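Trainee: This is a predicted model, with the sequence first.
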Amino acid sequence: MTERTQMKLTFYGDDFTGSTDALEVLTFAGLNCALFLQVPDEATLRHLGPFDAIGVAGASRAMSPSEMDVELAPVLQAMSKLAVPLVHYKVCSTFDSAATIGSIGHAMTLARSAFADTAIPIVAATPKLARYCAFGNLFARSATDGQVHRIDRHPIMRAHPVTPMHEGDLRVHIGAQCKLPIAGFTLPQLALDREAMDSELRRMMQQMQGGAILFDGMTDAHMTEMGRMLDALSQQQQSHSAVSTLPLFCVGGSGVEYALTQWWQSQHPDHHAPRHMETFQGVPQVLAVSGSASPLSELQIGAALAEGFVDLPVDGSALVSEHGAQTELDRLASAAIQALKNGHSVMMHTARGPKDARIDALLSTLVQKGLSIDQARHAGGRRLSQQLGEVIDAVLRAHPLQRLLLSGGDTSSLITQRLAPDAIRVAARLAPGAPLCQFISSQAHLAKLEVALKGGQMGQADYFVKALRGTANATH
């Protein structure tokens with residue numbers, strides 16, 4: 001067997017934080033994997049591998065459908081040519097998206113041109129992250145109150161600044177973004193014995209050819225069964241003469257990776273021993289950058305400042321203006337470099353929660369330029385993140401660091417794209433779905449740089465502090 005055919009799966013993450021979430025699950029399950037910024041060629045895989053799985057970190061969560069047509073479609077085509085049994089389109093476990101931005105339905109439509117017309121499995125649940133699905137309705141625990149909410153009543157996701165969730169039934173939510181029919185594989189079907197369960201799945205796969213099947217899930221046992229079914233479906237597709245060169249395409253959060261690795265571990269425990277990466281050392285200082293306006297991010301920023309991080313607020317309206325951008329870029333870079341040279345950690349942030357006045361100031365600046373409020377939300381976040389990427393690059397070149405912390409899905413994606421490492425590996429567990437990673441790069445200021453990338457709703461209140469201090473039992 002060649003190095004290429006040893007791979008079990010590959011995934012495309014619709015943002016960087018989601019990509020490292022999936023990478024974390026695979027790495028901690030004992031698989032050798034890496035994350036790339038584009039689909040790697042055979043030479044790159046031979047040089048850095050061999051790999052059990054690879055990921056491609058994308059940014060489609062912040063793209064319009066027309067942008068997906070240009071940027072995502074060729075990536076899916078390239079991934080369909082990889083010699084792997086399964087390709088996973090990895091979305092946020094909260095499935096927040098809209099017909100106009102980050103459309104999961106449009107990504108599925110594009111996949112029809114790259115993959116077989118087999119029904120697309122959608123894995124909706126990720127119990128390890130307290131995401132559950134019952135009769136198509138998604139539920140998630142909020143870190144702000146510790147309670148589980150239906151996603152359209154979730155205190156963070158119902159008020160997401162770009163893609164607020166107004167519908168709990170994912171069949172309706174995703175169905176509004178595409179023309180594909182979506183059926184549900186529900187809890188009663190998951191309660192059947194395996195023979196009856198597989199019979200139901202075969203029936204639905206035939207019935208929903210050209211459409212999709214959304215799987216419920218509440219427990220780890222449900223996820224293991226989903227892993228078994230996904231593994232069987234992918235192997236069946238590989239053996240089918242009509243589509244033998246095409247992987248099975250599926251959609252979901254990191255529940256896909258949890259499901260598959262749990263099934264593989266149950267079948268071959270010696271070959272898939274969990275990797276223990278629970279401890280990591282503290283560092284003298286960090287640069288933390290938050291582009292998230294979530295209530296949880298507000299708590300995390302507050303905890304960092306209380307720990308002694310230097311407060312460095314970002315004037316977002318200046319960064320996106322034509323005349324004030326360079327001045328603000330220079331101010332931020334200079335202030336961060338000086339604080340770091342003085343031995344301090346830095347907390348750079350665009351907002352301290354959803355009611356921060358800087359959010360309205362940024363939107364007002366863009367509306368005055370002729371954008372609609374929805375266009376301003378989309379363009380503002382993207383432009384702000386791109387500018388922050390310039391700041392971070394300047395800081396790292398002037399004062400190389402051991403550890404960089406990035407918060408906010410779009411923020412993390414665009415800053416990492418600007419820094420452009422060759423690949424990313426998981427270094428240690430920091431918080432579920434938001435691991436500590438390490439860049440692989442030939443650039444001196446990025447080589448071995450440790451980076452934590454997290455979505456606005458991930459981690460505990462002490463996330464930034466823990467990333468600085470390390471774990472209690474690590475050797476300093």
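Mentor: That came through fine. Numbers count the residues shown, from 1 in each chain.

Trainee: Direction included, what does the helix or strand hosting F249 pair against?
Mentor: Of the helices and strands defined by DSSP states H and E, F249 is found in strand 248-252. Partners of strand 248-252 in the sheet, by DSSP bridges, are strand 86-90 (parallel), strand 120-123 (parallel).

Trainee: The residue lying closest to L446 once chain neighbours are set aside: what's it in contact with?
Mentor: Excluding the flanking residues, the one nearest L446 by CB to CB, 6 or more residues apart in numbering is F439, at 5.0 Å. C-betas here are computed from N, CA, C, even on glycine. Residues near F439 by CB atoms under 8 Å, 6 or more residues apart in numbering: L419, P421, D422, A423, I424, L446, A447, K448, L449, E450, V451.

Trainee: ok, 10 Å please
Mentor: With contacts defined as CB atoms under 10 Å, 6 or more residues apart in numbering, F439 is in contact with 404, 416, 419-425, 427, 445-451.

Trainee: Now that we have these, which of them are buried?
Mentor: 404, 416, 419, 421-425, 427, 445-446, 449-451 (16 or more other CB atoms under 10 Å).

Trainee: of these, closest to R194?
Mentor: Lowest distance from R194 to the buried ones among the contacts of F439 (CB to CB) belongs to R425, with 35.8 Å.

Trainee: hang on, the closest one in a strand?
Mentor: Yes - when DSSP: H, G, I helix; E, B strand; the rest coil is applied, R425 is found to be in a strand.

Trainee: so A221 touches Q262, yeah?
Mentor: Yes - here A221 reaches Q262: they are 9.0 Å apart, a contact under CB atoms under 10 Å.

Trainee: So for those two, which sits in the more crowded spot?
Mentor: Q262 (22 against 12; other CB atoms under 10 Å).

Trainee: list the buried ones in the helix or strand hosting the more buried one?
Mentor: Using DSSP H and E, Q262 sits in helix 255-267. For helix 255-267, burial by neighbour count (16+ other CB under 10 Å) applies to G255, V256, E257, Y258, A259, L260, T261, Q262, W263, W264, Q265.

Trainee: what does stretch 93-105 give?
Mentor: Buried residues in stretch 93-105 (16+ other CB under 10 Å): S93, T94, F95, D96, S97, A98, I101, G102, S103, I104, G105.

Trainee: So the second one belongs to a helix, correct?
Mentor: No - when three-state DSSP is applied, T94 is found to be coil, with no helix at that position.

Trainee: What residues does it make contact with?
Mentor: Counting by CB under 10 Å, 6+ apart, T94 has contacts 126, 129, 131, 138, 140, 151, 154, 156-157, 160, 163, 165, 253, 455, 457.

Trainee: Beyond the helix holding Q262, next helix or strand please.
Mentor: Counting by DSSP H and E, the next helix or strand C-terminal to helix 255-267 is strand 287-290.

Trainee: Partner strands of that following strand, with direction?
Mentor: Strand 287-290 sits in its sheet next to strand 346-349 (parallel), strand 403-407 (parallel), going by DSSP bridges.

Trainee: what separates the last one from the chain centre, distance-wise?
Mentor: This means strand 403-407. 15 Å (CA atoms, centre = their mean, to the nearest Å).

Trainee: Quick one: mean pLDDT over the following helix or strand past that strand.
Mentor: Next helix or strand after strand 403-407 toward the C-terminus (DSSP H and E): helix 409-419. Mean pLDDT, helix 409-419: 87.

Trainee: Which strands and helices lie in contact with helix 409-419?
Mentor: Contact partners of helix 409-419 among helices and strands, from 3 or more CB pairs under 10 Å, 6 or more residues apart in numbering; DSSP states H and E: helix 16-28, strand 53-57, strand 287-290, helix 373-398, strand 403-407, strand 434-440, strand 450-454.

Trainee: Report the secondary structure element holding the residue nearest to Y463 when sequence neighbours are not counted.
Mentor: Nearest residue to Y463 in three dimensions, chain neighbours excluded: Q300, at 5.0 Å (CB to CB, 6+ apart). Secondary structure from DSSP H and E places Q300 in helix 295-306.

Trainee: List the contacts of the helix or strand bottoming out on mean pLDDT in the chain.
Mentor: Lowest on mean pLDDT, DSSP states H and E among the helices and strands of the chain sits helix 42-48, with a mean of 84. Helix 42-48 has contacts (CB under 10 Å, 6+ apart) with 2-4, 7, 34, 36, 38, 40-41, 49, 51, 54, 82, 422-423, 425, 440.

Trainee: Return the distance of that helix from the chain's centre.
Mentor: For helix 42-48, the distance to the chain centre is 24 Å (CA atoms, centre = their mean).

Trainee: residues of it that come out buried?
Mentor: So helix 42-48, judged by 16+ other CB under 10 Å, has buried residues T44, L45, L48.

Trainee: Noted, bye for now.
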